[in-house]
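>>> 3D model of this:
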Amino acid sequence: MTRNKSQCEVTLLRLLLDEMYAGLKEYFETLGWNVLTAQEAGLKGAKDKDVVEYARNNNLLLVTQDPKPAELADLTGVKYVIISSAMIAKIADAKIREKYPNLKQE
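The predicted model follows:
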């Protein structure tokens, strides 16, 4: 069996954490990611388009909570993930229910 190049290729990416997620850097590093924060990249207070352009120019995957840079990334083909407040709330809710199954909501 022969595999074509695309089946065997692995893309190595670094993460670019948008400003609101800079505090997660050590967690991502512990999970094995190579991480750069927006602050470390000199992007503190930068316009969303500049953050996305930096991610594109440096082959970084943008991790953000803000829909605007996520939309700009999508429009320009930049890899990104958006972690919304609703997503965080759902994860927290599931963990609360798992850890304390006998608790009832008021």
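
>>> just checking, what packs against the lengthiest helix in the chain?
Taking DSSP state H as the criterion, the chain has its longest helix at helix 85-99. Packing contacts for helix 85-99, counted by 3 or more CB pairs under 8 Å, 6 or more residues apart in numbering; DSSP states H and E, involve no helix or strand. (Glycine included, C-beta is placed from N, CA and C.)

>>> start the count at 24, not 1, going forward
I'll keep to 24 as the first residue from here, and by that count the last item is helix 108-122.

>>> how far out from the middle of the chain is that helix?
18 Å (CA atoms, centre = their mean, to the nearest Å).

>>> so how far is Leu38 from Gly55?
11 Å (CB to CB, to the nearest Å).

>>> Neighbour count for those two, which is higher?
Using other CB atoms under 10 Å as the criterion, Gly55 and Leu38 rank with Leu38 on top: 21 against 6.

>>> quick one: pLDDT of Lys72?
Per-residue pLDDT puts Lys72 at 98.

>>> thought it was touching Leu95?
Yes - counting by CB atoms under 8 Å, Lys72 touches Leu95, with 5.8 Å between them.

>>> tell me the contacts of Val86?
Val86 makes contact with Leu38, Leu39, Leu40, Asp41, Tyr44, Leu47, Tyr103, Val104, Ile106 under the criterion CB atoms under 8 Å, 6 or more residues apart in numbering.

>>> Could you work out the most separated pair of these?
Leu47 and Tyr103 (15.2 Å; CB to CB).

>>> Have a look at the two and say which one is more surrounded.
Tyr103 (20 against 17).

>>> what's across from that one in the sheet?
Beta-bridge pairing for Tyr103 (DSSP bridges): Leu85.

>>> State the distance from the spatially most central residue of the chain to Glu76.
In the chain, the residue lying closest to the centroid (CA atoms, centre = their mean) is Val86, at 2.2 Å. According to CB to CB, Val86 and Glu76 sit 16 Å apart.

>>> neighbours around Tyr44, how many?
20.
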